[in-house]
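> sequence unknown, structure follows:
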């Protein structure tokens, strides 16, 4: 198992109100961010970008123990 610190930024809370803005999460080693999002009931299609330890990453990135992950939703408004 790996320990991750996940932060959700932007309008994601409108889509996933039951998930806190920042939380610790344990995941199986070797699974992708996309799989982690799906397991948390976060639709990866609603996530515009992912930042891992301060660097832009793809949703298929395999996180490592201790990674700090930020999930960004698309901008909205008008």
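Looks like it came in fine. All values derive from a computational prediction rather than experimental measurement.

> where exactly do the strands run in the chain?
Ranges of strands in the chain, per DSSP state E, are 2-9, 22-27, 49-52, 55-57, 68-72.

> Quick one: closest of those to residue 33.
Closest to residue 33 of the strands of the chain is strand 49-52 (Cβ to Cβ; 5.7 Å). All C-beta atoms are positioned from the backbone trio N, CA, C, and that covers glycine.

> Now do that closest one, average pLDDT.
Strand 49-52 shows a mean pLDDT of 96.

> residues near the nearest residue to residue 49 once chain neighbours are set aside, how many?
Nearest residue to residue 49, sequence neighbours excluded (Cβ to Cβ, 6 or more residues apart in numbering): residue 72, at 4.3 Å. Residues lying near residue 72 (other Cβ atoms under 10 Å) number 17.

> what do you get for residue 73?
Neighbours of residue 73 under the rule other Cβ under 10 Å: 19.

> Also residue 27?
Neighbour count for residue 27, taken as other Cβ under 10 Å: 20.

> Can you find the helix or strand in the protein with the smallest mean pLDDT?
Between all helices and strands in the chain, the lowest mean by mean pLDDT, DSSP states H and E belongs to helix 12-15, at a mean of 71.

> just how off-centre is that helix within its chain?
Averaging C-alpha positions (Cα atoms, centre = their mean, to the nearest Å) puts helix 12-15 13 Å from its chain's average.
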